[in-house]
Each structure stands twice: as C-alpha cells, then as structure tokens.
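**Q** my questions concern the predicted model and sequence given below.
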Amino acid sequence: MPRKTRVDPQAVLLFQPPSREGYCPNHAERPPSPEVALVRKHKVSQPTKDPRSSKKGKDSKEQVDPEADQLIPSGMWDLGFNLGHKIDFHFDKAEQRFVEETSEQKLADDCMELACQTATTTWTLAYASNRGVLRAELDQVKARFNEQRADTEMKKARNQLVADLEESKKENQELKKIVEALTMERNVLCQTVAEDKEVQKDMGDAIVLENTRGFKKALRQMSYFLKVSTEGINFDPQKDVSHGELVSIGFIPAGTFPNDDDIAKDTPVEKETTKAGADAIITGEMIEGNPHTTDVDIVNIG
C-alpha cells in the first residue's frame, strides 16, 4: 500500500506555479488534490495609464482596491497570505514544464526533504559551534589541570626540601655537639700536655740538681776517704778520662767503661725513680713516693 503523507497546505502554496502565463495548452490541467484546501486567488486590476488624461481626470477615475484594507490576522502564516501568483521564478519552458508536471505529493516530499536537510544542517552547525565552545572549555580545563599538577609537584618538592632541611638541622646539631665534645677534649689534652711539659721541666731541673748535688757529694766523700784536697780543681761533668786523656763524653765510645753498666743494673733506686718519672710524664700526675730534691740518695758512686 502506498504511504500516505500529510501535506502542509502552506508548503504547497509556496510551491505553486507563479502564473498561468506561458502555460503549455498541450498538457491537461490536473485536478487539485483533495487534501489541499483551495485558496481563491484574487486578481489585481491594473489601472490603465493614459498620458493624455489630466491629473484631475485621473484622480476622479482612480478606484480604490477593496482588498487593500483586508486584515491578515496570522501574518505570513495565514492562508490568505499567498505569494504564488506574485513571485516570478524566471523559469524557462523546460523548467516550468517540469514543475507543472510534478505532483503536489512530490513537491510536498521534496519540501519535507529540504526541511529535514535544513534542520540537520542547522543542528550540525549548532553542534559544531557548541563543540568549539566545549573544546575551548576543555583547553581551559587542561591548562588549569596542568597548573594544579605543577603546583602539586612544587608542593611535594617543597615538602621534600623542608624535610631535608629539618634532617640537615638535626645533623648539624649533632655535629655541633660532637665538635663541642672534641673541643673540650682538645682543651683537656692541651691542658694535660701543658701540665706534662711543666712536670717534665720540673723533673729535668730536679734531676740535674740531684746529679749536681750527688757529684758534689761524691767529691766531698772522695776527699774524706782519700785524704786528698779537691779545692781549686775545676771538674767538668760533661767530660771524662779515656786512655789517659780528658775528653768530652760524646767522643767516648759505648762500652769503654763496662763497670758503669753494672752500676746501673745494681741501682734499683735509680730504676724506680726513672720509671716513676716516665709514668708522671705520661699521666701528668706525680706518683706518691717520688724522692724529693732534698732527700735523694745516689747509691754506689765511687
């Protein structure tokens, strides 16, 4: 069964042939479609222009069109608003014959097709314009997202730097404590070294003094035991007699006087004194029981 399509009368009115002029008499006039409401066309009478008539006579013969004051309540969508007999499409004979031979149903279908294509094109254009707006908004969102991501990365880097700074501060405090401890230890060591130097100097002076006193003591005992006077003789403790000559101690080879080694081995007091002095130099303290400069005895000197 053929498909029935409702035809819009207004669309049919827009596609009516412009006029009956140039109509080919060979083609029979088709009856109007029962679905289309018939609209009566009003013929507008054209006034004849007579150049010989005067203006006064022309005004008296001019007639008023009764349809001029006719109201069209619905505007251009009113059924009385018809432009089919007023529009000249300037068709040639072939085009005019094609339009006249086309049925009203075909014209309505073509009109509907054009309307659908127009609506589709309009929707596509609106969608394209809307897509451009959405793309611009998407670009803005992407830009904001990139800014926020960069801000987040900068915050993470800043937090990492803050954590590193706190760790460095803790390490710095620990290093400061270590430096303070080392400084105190150094000061203690410097003080200990200074005290050791003073003790060493005092011990050196005491040893020299005791040696000098012992030497003088030996001379006095020698004059007592040998009944020989030692007055007026200049004794030099840095010299000794070797092979019948008085020479400096530095020129006498070791082992020349073997009895000296035996004497050193047989003097425990001197060994104890030397060991005590060495301990005093190392520890910086005077060992209890060290001989005083006034009561040191030199044993086995002869």
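**A** Arrived safely, thanks for sending. The model shown is predicted, which means the values in this text are computed figures rather than measured ones. Numbers count the residues shown, from 1 in each chain.
**Q** elements contacting the host helix or strand of Glu166?
**A** Using DSSP states H and E, Glu166 sits in helix 104-226. Counting contacts by 3 or more C-beta pairs under 8 Å, 6 or more residues apart in numbering; DSSP states H and E, helix 104-226 is packed against helix 9-14, helix 268-283. No exception for glycine: its C-beta is placed from N, CA and C like everyone else's.
**Q** mean confidence for the first one?
**A** Spelled out, it's helix 9-14. Averaged over helix 9-14, pLDDT sits at 46.
**Q** using PDB, list the CA coordinates for stretch 196-204.
**A** C-alpha atoms of stretch 196-204 as PDB (Å, rounded to 0.1, in the frame of the first residue of the first chain):
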ATOM      1  CA  ASP A 196     103.100  17.400  81.400                       C
ATOM      2  CA  LYS A 197     105.600  19.900  80.000                       C
ATOM      3  CA  GLU A 198     105.800  21.700  83.300                       C
ATOM      4  CA  VAL A 199     106.200  18.400  85.100                       C
ATOM      5  CA  GLN A 200     108.900  17.300  82.700                       C
ATOM      6  CA  LYS A 201     110.700  20.600  83.100                       C
ATOM      7  CA  ASP A 202     110.400  20.400  86.900                       C
ATOM      8  CA  MET A 203     111.700  16.800  86.700                       C
ATOM      9  CA  GLY A 204     114.500  17.700  84.400                       C
END
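**Q** state the mean pLDDT of that stretch.
**A** Stretch 196-204 comes out with an average pLDDT of 91.
**Q** and what of stretch 182-193?
**A** Throughout stretch 182-193, pLDDT has a mean value of 95.
**Q** got it, and stretch 93-101?
**A** Stretch 93-101 shows a mean pLDDT of 86.
**Q** low-confidence bits of the stretch 201-302 of the chain, can you list those?
**A** Counting by pLDDT under 70, the ranges of the stretch 201-302 of the chain that qualify are 232-233, 237, 258-302.
**Q** run the last query once more with 80
**A** Low-confidence segments of the stretch 201-302 of the chain (pLDDT under 80): 215, 219, 222-223, 227-238, 240, 242, 244, 254-302.
**Q** let me know whether my guess that Val241 is in a helix holds.
**A** No. Read with DSSP: H, G, I helix; E, B strand; the rest coil, Val241 is strand and lies in no helix.
**Q** tell me what it is bridged to.
**A** Val241 has these beta-bridge partners by DSSP bridges: Leu246.
**Q** for it, grab the count of nearby residues.
**A** Using other C-beta atoms under 10 Å, Val241 has 10 other residues around it.
**Q** from Phe257, how far off is it?
**A** 10 Å (C-beta to C-beta, to the nearest Å).
**Q** burial measure for Glu210, as a count.
**A** For Glu210, the number of neighbouring residues by other C-beta under 10 Å comes to 20.
**Q** scratch that, Asn211 is what I was asking about
**A** Asn211: 13 surrounding residues under other C-beta under 10 Å.
**Q** same check on Lys93?
**A** 9.
**Q** noted, bye for now.
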